[in-house]
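Student: Sequence and predicted structure, then a few things I'm wondering about:
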Amino acid sequence: MSCVLGVLTKQVENLHVFLLVCGLRRVKDPLYLLEAFAEWHSQNPLVVLIIIGPVIDPVFTAEVEESVKRSVGVFLAADLSQEELHSAMQKSFALVNSSLSEGMSAAILEAMDLGLPVLARDVPGNAAIVEHKVTGLLYSSPQEFVSMSRKLLDDRELQERLVRNGKNYITTCHNPVKERITYQKLVETLH
């Protein structure tokens, strides 16, 4: 047995971890994919969904914990430091975003920067940074998520294109050096 983000799994070389990074609160909708993913896992035990993030709403977190306990192939992991989270992301197959509403998802941007394919719910905030089939995949239902995930698993060219274009997007539109300079200038004008 080995430990993947605190979740015990059999040592399987071909395990595909889909990582849903979010603060545990209703707007992030971490249970949106639960049933469809559990059904997919029953058909393909090599796919797992790990939900990870800080407790924001304790009552909702208890609901998530109970729902995950009753599901197969879906796990809830404790919050990690940024360094640990980035390491976990790099060991995962894809990053998942299931938010009902999103601003500019730091998790999506970090995943692109780390070379991880992104599957995001098709809401305006996600669609503003994820171009469908170019920098990531946008889905509108749990069934569409599973269908796109299956395609991504089977299509190495698609995986490579999403990773390459995601990294290019980060370099072009969210270059950390350029953003730091811009924010420094902004702060200087406020003083």
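Tutor: On my side now, so go ahead. Residues are numbered from 1 along each chain as shown.
Student: residue contacts, Tyr169?
Tutor: Counting by CB atoms under 8 Å, 6 or more residues apart in numbering, Tyr169 touches 112, 129, 131, 135. No exception for glycine: its C-beta is placed from N, CA and C like everyone else's.
Student: With Ile108 instead?
Tutor: So Ile108 contacts 95, 97, 118, 120, 126, 129-130, 136 (CB under 8 Å, 6+ apart).
Student: Max pairwise distance over these: which two?
Tutor: Leu95 and Ile129 (12.3 Å; CB to CB).
Student: just to revisit the earlier point, kindly reformat the contacts of Ile108 as CSV containing distance to Phe18, secondary structure and neighbour count.
Tutor: Output for these, formatted as CSV (distance: CB to CB, whole Å; DSSP: H, G, I helix; E, B strand; the rest coil; neighbours: other CB atoms under 10 Å):
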residue, distance to Phe18, secondary structure, neighbour count
Leu95, 8, strand, 24
Asn97, 11, strand, 25
Val118, 11, strand, 24
Ala120, 12, strand, 27
Asn126, 16, helix, 24
Ile129, 19, coil, 22
Val130, 16, coil, 26
Gly136, 13, strand, 29
